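J.: pasted the sequence and its predicted model underneath.
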Amino acid sequence: MVDGRVTPNRHLGFVAGLAGLLHAPSFARPFMDIDEGSLAAIACRLLAGGRVYHDGAENKTPGIFYIYKAVFAVFGSYNMVAIHVAVTLAAIATALVIGAIARRYAGDLAGRWTAVLYVVFSAVYYPKMLAGNTEMFAVLPASLTVWCYLRARDRGAAWYLAAGAFGAATFLCKQVALATFAAVLADRAFTGLRTPLRALAGLALLAIGFASVIAAMVLHLQRIGAWDDAVFWTWTYVLHYYIPSGTADHGFLYNLATSFLPFLLTMSPLIYFAVRGREPALSALYWWLAGNVCAGLVGGRMYGHYFLLFVPALATLAGIGAARWLDDARRRERRWLIGLVAAVAIAFTLVAAMFEGATGSAFTPSPDYREASAYVRARTAPGDQIFVWGWFPALYQAADRCPSTRFVYTHILSGANTAGAERNHNVPEAWDMLMRDLETAPPAYLLDTSPGDYNFAFAPERYPRLWEFIAARYRVETTIAGVRMFRRR
């Protein structure tokens, strides 16, 4: 093997510049995905002294909330440009790490192509790939897990511990990203069959590194009094409510045909080169790819950005294959490859430039929720809190106001609006939590999104406990952009 190093400095500028161009559409918009609004609103509560899960109900593992909190602490609450810059930096760093992995196997050309292919193909398929979701942040520690593991096979114990620690960091960004750590365990076990003692030692060190980081997070959550809430939202809720609802609207095969297969078509250049460069020595990369393909399918939802989890492994294999192909390719074929990658990058960047992520419309929000947020912002003080009924957390960011409850979206309480029926996500345990939060800190404004064209919102009058609270303390002030404004008396 060729010793792996970070991509040479002369290539860094090109990779960084390319990533900046591809991610530029996200610098002009607060959201590339409505889910960013949920993470930002929870981070606002954490900055105000709240506790993860106890003061922000979400099913994700805690890493993403602390990333948002850290960015907002440095650059200002609700600074989504800073989040998108962090996403771009994560993409660059991931490209450099997997470039180093490819270089170990096939030399400098493979490393350069791997970095370029990742930067391009992690930003395509649809604009939500540019969002600050868990996947974009999870792939960096995942790549470091594999890089450290490969070094450990040559250089010993400390690198196994580091690989285990990065595997834990990946899991703390997203539950199913545990697949990367499972992949290195599998590779160590199967490649070590001829030297079982060495294999067992490696597996033990990987487990120790992983367990050390997880134990530290568990102790932290217990210390701040959020452990029980963390278990409920990341385990109980996921198993009992979230995963079972994954194929409620459409079946697994429908989602496979309409989401996963089109994604594979978009990735077909990578698949082609990955197949051309296949060889048994790349077993660790095959485990990495297979594990994360499975992770992207868990639950059956198959949202496109879920598949970002396996792009680093696929890009690494493709970079190795492309480098070997280019060794024998003529100048015309080299130009063909460059032209194909450039065409893919340009096409999807143009689409992303038109995309308005909060409402999924073109160029401007529809409905234009900013009008409702501006109304609230003008009539409240910076320390005031608001509550949005429905699934539209972008209202919090645009109003620059923190949520008054742990629920930054409310289909957990009302269920998803599917053909007029209340079903899927409803979590009966959540109602006591909501009413306790509202009684403890009544919001200055309650924003009801049910009159407008927003997601998963039923009129609050349908829920006796909530409506009794509203009717006794609030009055309707106006309706703007499909948002009914209840102001505290």
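T.: Arrived safely, thanks for sending. Residues are numbered from 1 along each chain as shown.
J.: what stretches of the chain score poorly on pLDDT?
T.: Low-confidence segments of the chain (pLDDT under 70): 1-8, 249, 328-331, 416-425.
J.: one more pass at 80, please.
T.: 1-10, 154-156, 192-194, 245-250, 327-334, 415-426, 455-457 (pLDDT under 80).
J.: domain map for it?
T.: 9-356, 370-488 (automatic domain parsing).
J.: relative to Phe363, which of those is closest?
T.: Ranking these by proximity to Phe363 (C-beta to C-beta) places domain 9-356 first, at 5.9 Å. Every residue, glycine included, has its C-beta placed from N, CA and C.
J.: can you tell me the SS state at Met302?
T.: Under DSSP: H, G, I helix; E, B strand; the rest coil, Met302 falls in the coil class.
J.: from what I can see it touches Pro262, true?
T.: No - Met302 is beyond contact range of Pro262, at 10.2 Å (criterion: C-beta atoms under 8 Å).
J.: quick one: which of those two has more around it?
T.: Just comparing Met302 and Pro262: by other C-beta atoms under 10 Å the higher neighbour count belongs to Met302, 23 against 13.
J.: roughly how far apart are the closest residue to Thr449 other than its chain neighbours and Ala131?
T.: Distances taken as C-beta to C-beta, 6 or more residues apart in numbering place Gly390 nearest to Thr449, at 3.3 Å, with adjacent residues excluded. In this view, Gly390 and Ala131 are 20 Å apart by C-beta to C-beta, to the nearest Å.
J.: and what of Ala106?
T.: 32 Å.
J.: cool, and Ala57?
T.: Counting by C-beta to C-beta - Ala57 and Ala131 are separated by 20 Å.
J.: how about Trp325?
T.: The value you get for Trp325 to Ala131, if C-beta to C-beta is used, is 33 Å.
J.: minimum distance to Thr364: which of the domains of the chain has it?
T.: Using C-beta to C-beta, the domains of the chain put domain 9-356 closest to Thr364, at 6.1 Å.
J.: ends of that closest one, what's the gap?
T.: Counting by C-alpha to C-alpha, to the nearest Å, you get 35 Å between the two ends of domain 9-356.
J.: okay, now Gly13: neighbour count?
T.: For Gly13, using other C-beta under 10 Å, the count is 9.
J.: can you report phi and psi for it?
T.: Main-chain dihedrals, Gly13, degrees, to the nearest 10: phi -60, psi -40.
J.: that one and Phe260, how far apart?
T.: For Gly13, the distance to Phe260 - C-beta to C-beta - is 35 Å.
J.: and what of Val298?
T.: 12 Å.
J.: more neighbours, those two?
T.: The residue with more neighbours, out of Val298 and Phe260, is Phe260; 18 against 14, by other C-beta under 10 Å.
J.: who's the closest spatial neighbour of that one, skipping the chain neighbours?
T.: Met302 (5.1 Å).
J.: same deal with Trp113?
T.: Once flanking residues are discounted, Trp113 sits nearest to Gly319: 4.2 Å by C-beta to C-beta, 6+ apart.
J.: where's Cys485, which helix or strand?
T.: That one is not Cys; residue 485 is Met. strand 483-488 (DSSP states H and E).
J.: pull up the pairing partners for that strand, direction included.
T.: In the sheet, strand 483-488 lines up against strand 445-448 (antiparallel), strand 474-480 (antiparallel) (DSSP bridges).
J.: wait, Met435 sits on Arg465?
T.: Yes - under the criterion of C-beta under 8 Å, Met435 makes contact with Arg465 at 5.8 Å.
J.: pick out whichever of these two has more residues nearby.
T.: Met435 (15 against 12).
J.: list phi and psi for the more buried one.
T.: Given degrees, to the nearest 10, the pair of backbone angles that Met435 has is phi -70, psi -30.
J.: and if you look at Phe456?
T.: Given degrees, to the nearest 10, the pair of backbone angles that Phe456 has is phi 50, psi 50.
J.: tally up the residues packed near the closest residue to it other than its chain neighbours, please.
T.: Spatially, and ignoring its direct neighbours in sequence, Phe456 is nearest to His411 (3.9 Å; C-beta to C-beta, 6+ apart). Applying other C-beta under 10 Å, we find 21 residues neighbouring His411.
J.: so His411 sits against Pro393, correct?
T.: No - under the criterion of C-beta under 8 Å, His411 makes no contact with Pro393, lying 11.6 Å away.
J.: for the nearest residue to Thr410 once chain neighbours are set aside, what are phi and psi?
T.: Setting aside the residues directly before and after it, Thr410 is nearest to Trp389 in space (C-beta to C-beta, 6+ apart), at 5.5 Å. Phi and psi for Trp389, reported as degrees, to the nearest 10, are phi -90, psi 120.
J.: across the sheet, point out what pairs with Trp389.
T.: Under the criterion used (DSSP bridges), Trp389 bridges to Asp448.
J.: next one: it from Glu477, what distance?
T.: In terms of C-beta to C-beta, Trp389 sits 15 Å off from Glu477.
J.: which one's more surrounded, the two?
T.: Neighbours per residue, other C-beta under 10 Å: of Trp389 and Glu477, the larger number sits with Trp389, 26 against 14.
J.: burial count for Pro127?
T.: If you count neighbours by other C-beta under 10 Å, Pro127 ends up with 25.
J.: distance check, it against Leu150.
T.: For Pro127 relative to Leu150 (C-beta to C-beta), the value is 33 Å.
J.: do Ile386 as well
T.: On the measure of C-beta to C-beta, Ile386 and Leu150 end up 49 Å apart.
J.: quick check: chain neighbours aside, which residue is closest to Gly452?
T.: Leaving aside its sequence neighbours, Gly452 sits nearest to Gly482 (C-beta to C-beta, 6+ apart; 1.7 Å).
J.: what's Ile64 in contact with, if anything?
T.: Leu39, Asn133, Thr134, Phe137, Cys173, Lys174 (C-beta atoms under 8 Å, 6 or more residues apart in numbering).
J.: can we see that at 10 Å?
T.: 35, 39, 42-43, 58, 132-138, 172-174 (C-beta atoms under 10 Å, 6 or more residues apart in numbering).
J.: same thing with Asn255?
T.: So Asn255 contacts Gly246, Thr247, Asp249, Leu261, Leu297, Gly299, Gly300, Arg301, Met302, Tyr303 (C-beta under 10 Å, 6+ apart).
J.: Gly56 now?
T.: 38-39, 41-46, 50, 65, 226, 229, 233, 403, 405-408.
J.: ok, now with 6 Å
T.: Ile42, Arg45, Arg406 (C-beta atoms under 6 Å, 6 or more residues apart in numbering).
J.: distance of the residue nearest to Thr410 relative to Ala430?
T.: For Trp389, the distance to Ala430 - C-beta to C-beta - is 13 Å.
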